[in-house]
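Engineer: curious how this folds, go ahead:
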Amino acid sequence: MITKQKVDTHKVFSLEQPLNLFSKRLGGILFYSSASYIVLLVLNVLLSSFFGFSLTVNYVSDLGSKNFIPFPYVHNLICVFGGVVSLPVNFFVRKKLRIVYKSSKHSVLFVELGVALGIIGNIGYIFLGIFSLDRGGPGGIYHGIITFISFGGYILSIYFFSLNIVLSHKCKLKHLGLFGLIVPIALLFAYCATIPLIEWFLLSSILLFLLLLDYYVFKI
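Structural biologist: Coordinates of the predicted model:
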């Protein structure tokens, strides 16, 4: 009974409110920053199209090479920006999913794996902006390895977040979870055909999933 009274008193005086308010504001900044990254990426692709860049001919990485466009540094900065703003989002996702689906025995394991792999993907994406095609090392080996780490981290992170969502009880994101389990991995296998457009579909599926998950975490 004494413990109950202490808790109620704590709530009455709103001792946790400043922290919650700060977290809410930070979450809003991160969400709109992530959305801004997508807008910047789309604008960069549209601008590059005036210089002959095409989704059916060029890969995503070609945006970071002066052999294809005259301003590759723009894409490099966008990659760094996207990786940096997405990095702390993982911890907000972790908190949200663990609270909402705490009754599920799968929650802790899948969420932790999703966060760890998401961080790896974010760090890899930052380094993609540093080791672009123009600075990819002998035969582009550095760029190739980092691309594998970045895309692999994101796809596996989405997979484990989706497992958590689909297998948890009373889940509100069943459709998003099924999308995350099927679409990115299916496109990854299709990407083995080395068709540039498939890579763009793969990137789009990753960004769509993460943006919808961010919306759920920060706005709902």
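
Engineer: which other residues reach stretch 53-73?
Structural biologist: With CB atoms under 8 Å, 6 or more residues apart in numbering as the contact definition, stretch 53-73 has outside contacts at 44-45, 48, 51-52, 74-76, 79, 128-129, 132-134, 143, 147, 196-197, 199-200, 203. From N, CA and C alone the C-beta is placed, and that goes for glycine too.

Engineer: try it again at 10 Å.
Structural biologist: Residues from elsewhere that reach stretch 53-73, judged by CB atoms under 10 Å, 6 or more residues apart in numbering: 41, 44-52, 74-79, 128-136, 140, 143-144, 147, 151, 194-203.

Engineer: low pLDDT regions in this structure?
Structural biologist: Low-confidence segments of the chain, defined by pLDDT under 70, are located at 1-22, 99-106, 169-171, 220.

Engineer: tell me where it has helices.
Structural biologist: Along the chain, counting by DSSP state H, helices occupy 2-12, 17-49, 72-86, 89-100, 107-130, 141-167, 174-191, 196-219.

Engineer: same list, these, but as TSV with mean neighbour count and distance to residue 59 please.
Structural biologist: TSV is the format used below for these (neighbours: other CB atoms under 10 Å; distance: least, CB to CB, whole Å):
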stretch	mean neighbour count	distance to residue 59
helix 2-12	9	54
helix 17-49	14	12
helix 72-86	20	12
helix 89-100	18	26
helix 107-130	20	12
helix 141-167	21	10
helix 174-191	17	10
helix 196-219	18	5
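
Engineer: got JSON lines for the ones you listed, with distance to residue 64 too?
Structural biologist: Converted to JSON lines, the helices of the chain look like this (distance: least, CB to CB, whole Å):
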{"stretch": "helix 2-12", "distance to residue 64": "51"}
{"stretch": "helix 17-49", "distance to residue 64": "10"}
{"stretch": "helix 72-86", "distance to residue 64": "5"}
{"stretch": "helix 89-100", "distance to residue 64": "23"}
{"stretch": "helix 107-130", "distance to residue 64": "7"}
{"stretch": "helix 141-167", "distance to residue 64": "8"}
{"stretch": "helix 174-191", "distance to residue 64": "18"}
{"stretch": "helix 196-219", "distance to residue 64": "13"}
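
Engineer: that's all I had, so thanks and see you.
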